[in-house]
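Asks: Sequence plus the predicted model coming up.
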Amino acid sequence: MKKIYTFLFVMLLVAASPNILLAQAKTEILIRNATVLTAAKGRFENTDILIQNGKIARIGKNLKASSNAQTIDASGKFVTPGIIDCHSHAMLDAINEFSFSVTSMVRTDDVLDPTDISIYRALASGVTAANLLHGSANSIGGQNSVVKFKYGRPVEDFLIRDAPSGIKFALGENVKRTNFNPTPGTTPRYPRTRMGVMEVIRDAFLRARDYKQTWDDFRAKKTNVPPRRDLELEPLVEVLEGKRLVHAHGYRSDEHLNLLLVADEFGFKVATLQHALEAYKIAPEISRRGTGASIFADSWSYKLEAYDSIPYNAAILWKNGVLVSINSDSDERIRRLNLDAAKVEKYGGVPEEEALKM
């Protein structure tokens, strides 16, 4: 899911030049003599970058700028594409809506906090955009937000309006509440088993398919009364129509494979398997469906279902043609995604340019 933005970020100069983060759009900046890692066309040595009105105007050697331009000597330093975190909860005032197992009606757009300090820290570490996901307490969770980080700006400036819509699914321990005890005197929320999780997802899509049919019949004038709008099922109809991406939290390969089979059953595509620490076990199945994997580089063994990971996961997936991204799922790890990408060069020999894309 990690396409490369045309925004380049000076990874090692922010501490010395914090105004880069806060400069107004009309500032002209000239970065000189950098090693530019493009993630698309190799690396360029001793290269200049001219930024005008907040956007890259030219890349080349011996570029000229106006007399009042801010000039940065990047000799011995690297410039990379802005990093995109494909699984983040930064700037969210709420993450999980725990009450039901299906909460497809809730939206992270409604709880964005533009003052969250993690935005500044992400930018200082080269992360310029993120896929903000609902939490993993629900078989089918809430709708996501795709943002471009702009510290100190109003919340309306963050959302990337033309980004594909998405929704969070989840499997495993978080959903069945393995490690959470219900309040005394209350009934535990269904489901409590892995097979129950799959039933909830299948039932939701059966209801969504019926709901879609009622609207199709009305629009075809087969019925006269418009159906009552259902905010829970509308996002799932969008999934069935290919208009909303599914981002599915999970660790065990058997669960992710089960979800892929449910998607086959209902004719939709799972866009990304999130975390997917065992995805190397089913890499050909993931690749065949065109599904991506958004993983940790080397974070595992923090709970039972996260034990069977290996550091070669990214390399095996990449070699099988799976689109791989390294995510943070953490306001701390978001500051080290460049280092996490570098680890896949060590473990599995992924080329520099391909590692940078992750």
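Replies: Alright, I've got the coordinates.

Asks: from memory residue 266 sits against residue 209, does it?
Replies: Yes - between residue 266 and residue 209 there is a contact under CB atoms under 8 Å: 7.0 Å. Every C-beta, even on glycine, is put in place using the N, C-alpha and C of the backbone.

Asks: Tell me if residue 261 really is in a helix.
Replies: Yes - membership of residue 261 in a helix is supported by DSSP: H, G, I helix; E, B strand; the rest coil.

Asks: Could you tell me how many residues sit around it?
Replies: Residues lying near residue 261 (other CB atoms under 10 Å) number 11.

Asks: And the one 5 residues further on, by the same measure?
Replies: Using other CB under 10 Å as the criterion, residue 266 is surrounded by 16 other residues.

Asks: which residues does it contact?
Replies: By CB atoms under 8 Å, 6 or more residues apart in numbering, the residues touching residue 266 are 205, 209, 240.

Asks: which of those residues tops the neighbour count?
Replies: residue 205 (21 neighbours).

Asks: For residue 246, see how far away that residue is.
Replies: 11 Å (CB to CB, to the nearest Å).

Asks: which neighbours do these two share?
Replies: Going by CB under 8 Å, 6+ apart, residues that sit against residue 205 and also against residue 246 are residue 239.

Asks: What helix or strand is the most centrally placed residue in the chain located in?
Replies: Note on the chain: the residue nearest the mean C-alpha position is residue 86, at 2.0 Å, using CA atoms, centre = their mean. Element membership of residue 86 [criterion: DSSP states H and E] is strand 83-88.

Asks: Please name every helix or strand in contact with that strand.
Replies: strand 127-132, strand 270-275, helix 337-346 (3 or more CB pairs under 8 Å, 6 or more residues apart in numbering; DSSP states H and E).

Asks: and with 6 Å instead?
Replies: Other helices and strands packing on strand 83-88, by 3 or more CB pairs under 6 Å, 6 or more residues apart in numbering; DSSP states H and E, are strand 127-132.

Asks: Following the chain past the strand it packs on, name the next helix or strand.
Replies: Taking DSSP H and E, what comes next after strand 127-132 is strand 140-143.

Asks: what mean pLDDT would you report for whichever helix or strand comes after that next one?
Replies: Toward the C-terminal end, the helix or strand that comes next after strand 140-143 (DSSP H and E) is strand 145-148. On average, the pLDDT along strand 145-148 is 98.

Asks: got the CA coordinates for strand 145-148 in CSV?
Replies: Extracted C-alpha coordinates of strand 145-148, given in CSV (Å, rounded to 0.1, in the frame of the first residue of the first chain):
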residue,chain,number,x,y,z
SER,A,145,-8.7,8.1,7.7
VAL,A,146,-5.8,8.8,5.4
VAL,A,147,-3.9,11.9,6.4
LYS,A,148,-0.8,13.9,5.4
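
Asks: Over the strand holding residue 86, what's the mean pLDDT, rounded is fine.
Replies: For strand 83-88, the per-residue pLDDT averages 97.

Asks: Give me the contacts around it.
Replies: By CB atoms under 6 Å, 6 or more residues apart in numbering, the residues outside strand 83-88 that reach it are 1-2, 126-127, 129-133, 274, 294, 325, 327-329, 334, 337.
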